[in-house]
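Asker: How does the following fold in three dimensions:
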Amino acid sequence: MIEEHVNNNPVQLEAFGTTVRQLLQDVQERLVYRSHIYIRSDILHFRPSPGDLAYPEKLLMMQSIAASLQRQDSGGSVNSRLSQMSSASETNGQPRSHTGNSPADLHGMWYPTVRRTLLCLSKLYRCTERGVFQGLSQEALAMCVQSLQNAARAIAETKSLRDAQLFEVKHLLILREQIAPFHVDFSVREISLDLSKIKTAAMGLVQRRSQLFALNSSNALLEFLLEGTPAVQEHTRDSKREVDLQLKRVCEAFIRGTQQLLQQPVHSVILRIEAVLESAPDQPLPPAETVAAAVTETQRLIKTHLPDIQQSMQLYLANRETEFILFKPVKVGLLQRFQRLQDIIMQQYSDDDRMIIMCPSQDQVSVLVSSCMQPAPS
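Answerer: Just a heads-up that it's a prediction; the model follows:
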């Protein structure tokens, strides 16, 4: 009405334009108010049902559905059917992730707070001013990340830490991908008052009560007024950067935990040897049989756990490039640990001990890791 009628007839519709603009401001103010309530109640304070936290069961169920469709129809027919279901979800207002091509992504199996956050932002983006949208998006993304952390803790308690970490990585990737089309700056300035000086100045005023009305430079009341002024501080919060930082923290925790699971025996024996070399070089090193047992146990852990780790990554992430990026530091850490052990053995152990230990080279460890990694499903 304003753009098509009032602006074209400013004189005749001046009173009407004033009324419409007031109405628009009232509606936008109400919209912002309701959005704040919605973000708090339905995102931050969302109480998930057992089904919302049924990971990895939900993903396994969708994988099973896709496998059954694959057995019934050809691959092209299955992909066509999944694409139709995905298109239907988009038509109904459900955003879709393009980070992977798993059935879980195609069917919109996202955590409710992620779906609500993205739907809320997509609606507000079209009907609020840029500055207002930036403030609401900052709050919505921060609350959504907090809800994902709460959900991950619940999954870790009922399932495993690996499931919790991959759950959080999956949804943080979705968040980062889906907010990219919003061509706005997700950083906002926040102003706060630093009241710490008031407390210090008040304590000084109490301790110097006798000088409250002194007529010289040591007047306690004057010093309180000068020193107790609150300081204004500005903070810049970038919600997109906070999503990236949380994603980085979760990925690093997953990498550390996976490395610890796979290389703990070799890592422990290296620490024992280094402790002896640094503090008591005259003391005997751990026997070759002990080192050999650590090497054998580490190889067993790799063969036992690596296929499960890879399967979990494929199930949650369903993207070969993302899986490669996440697993590469794990593999590099394994190679470095075995190379460090190899260097110590060559310097500190005899030829007979080396034959007993049989520490694999980096190439041999790389071959072992590759043999345990199953090819990703097409």
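Asker: mind listing what's buried in the helix or strand encompassing residue 115?
Answerer: Per DSSP states H and E, residue 115 falls inside helix 112-127. The neighbour-count check on helix 112-127 (16 or more other C-beta atoms under 10 Å) flags 113-118, 120-121, 124-125 as buried. (Glycine included, C-beta is placed from N, CA and C.)
Asker: CSV for the residues you listed, including pLDDT and distance to residue 290?
Answerer: Output for the buried residues of helix 112-127, formatted as CSV (pLDDT from 0 to 100; distance: C-beta to C-beta, whole Å):
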residue, pLDDT, distance to residue 290
113, 94, 50
114, 93, 48
115, 91, 53
116, 93, 55
117, 93, 53
118, 92, 54
120, 91, 58
121, 91, 57
124, 89, 62
125, 87, 62
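Asker: now, which of the residues you listed sits nearest residue 258?
Answerer: Checking the buried residues of helix 112-127 against residue 258 by C-beta to C-beta gives residue 114 as the nearest, at 24.4 Å.
Asker: The nearest residue to the closest one once chain neighbours are set aside: which element?
Answerer: Distance criterion C-beta to C-beta, 6 or more residues apart in numbering; nearest residue to residue 114, sequence neighbours excluded, is residue 171 at 5.0 Å. Using DSSP H and E, residue 171 maps to helix 161-179.
Asker: Now that helix: average pLDDT?
Answerer: Averaged across helix 161-179, the pLDDT comes to 93.
Asker: Can you check what angle separates that helix from helix 112-127?
Answerer: 10 degrees (axes from the mean of the first three to the mean of the last three C-alpha atoms, to 10 degrees).
Asker: Can you point out the buried residues in helix 161-179?
Answerer: 162-176, 178-179.
Asker: One more: stretch 304-317?
Answerer: 306, 309-310, 312-317.
Asker: Let me know the closest of the residues you listed to residue 357.
Answerer: residue 306 (22.0 Å).
Asker: Could you pull up the residues touching the residue nearest to that closest one when sequence neighbours are not counted?
Answerer: Residue nearest to residue 306 in three dimensions, not counting chain neighbours: residue 372, with 4.1 Å by C-beta to C-beta, 6+ apart. Neighbouring residues of residue 372 by C-beta atoms under 8 Å, 6 or more residues apart in numbering: 302-303, 306-307, 310.
Asker: same question, residue 288
Answerer: Contact analysis of residue 288 by C-beta under 8 Å, 6+ apart lists 349, 352-354, 356-357.
Asker: Please indicate which of those has the highest neighbour count?
Answerer: Among these, residue 357 has the most neighbours (other C-beta atoms under 10 Å), with 23 neighbours.
Asker: what separates that residue from residue 148, distance-wise?
Answerer: Relative to residue 148, residue 357 is positioned 45 Å away (C-beta to C-beta, to the nearest Å).
Asker: gap between residue 339 and residue 332?
Answerer: Residue 339 is 10 Å from residue 332, by C-beta to C-beta.
Asker: What of residue 61?
Answerer: 34 Å.
Asker: More neighbours: which of those two?
Answerer: residue 61 (15 against 12).
Asker: which helices and strands sit right next to the one helix or strand the more buried one maps to?
Answerer: If you go by DSSP H and E, residue 61 is part of helix 57-72. In terms of contacts (3 or more C-beta pairs under 8 Å, 6 or more residues apart in numbering; DSSP states H and E), helix 57-72 is packed against helix 75-91, helix 103-106, helix 288-317.
Asker: of all the contacts of residue 372, which two lie farthest apart?
Answerer: Farthest pair in these (C-beta to C-beta) is 303 and 310. Separation: 12.2 Å.
Asker: what residue lies at the spatial centre of the chain?
Answerer: Note on the chain: the residue nearest the mean C-alpha position is residue 247, at 2.8 Å, using C-alpha atoms, centre = their mean.
Asker: For residue 326, see how far away it is.
Answerer: Distance of residue 247 to residue 326, computed by C-beta to C-beta: 11 Å.
Asker: Which residues are in contact with each of the two?
Answerer: Contacts common to residue 247 and residue 326, judged by C-beta under 8 Å, 6+ apart, are residue 169.
Asker: Can I get the buried residues of helix 112-127 in JSON lines including distance to residue 153?
Answerer: JSON lines is the format used below for those (distance: C-beta to C-beta, whole Å):
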{"residue": "113", "distance to residue 153": "14"}
{"residue": "114", "distance to residue 153": "16"}
{"residue": "115", "distance to residue 153": "20"}
{"residue": "116", "distance to residue 153": "20"}
{"residue": "117", "distance to residue 153": "19"}
{"residue": "118", "distance to residue 153": "22"}
{"residue": "120", "distance to residue 153": "24"}
{"residue": "121", "distance to residue 153": "25"}
{"residue": "124", "distance to residue 153": "29"}
{"residue": "125", "distance to residue 153": "31"}
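Asker: Closest one to residue 254 out of those residues, please.
Answerer: residue 114 (18.9 Å).
Asker: does the closest one really touch residue 175, like I thought?
Answerer: Yes. Assessed by C-beta atoms under 8 Å, residue 114 is found in contact with residue 175 at 6.2 Å.
Asker: Quick check: neighbours shared by these two?
Answerer: Joint contacts of residue 114 and residue 175 (C-beta under 8 Å, 6+ apart) are residue 144.
Asker: Residue 151 - how many residues pack around it?
Answerer: 23.
Asker: For it, give me its contacts.
Answerer: Counted by C-beta under 8 Å, 6+ apart, residue 151 has contacts 48, 52-53, 111, 113, 167-168.
Asker: how about a cut-off of 10 Å?
Answerer: 46, 48, 52-53, 55, 111-114, 164, 167-168, 171 (C-beta atoms under 10 Å, 6 or more residues apart in numbering).
Asker: Also residue 125?
Answerer: 133, 136-137, 179, 181-184.
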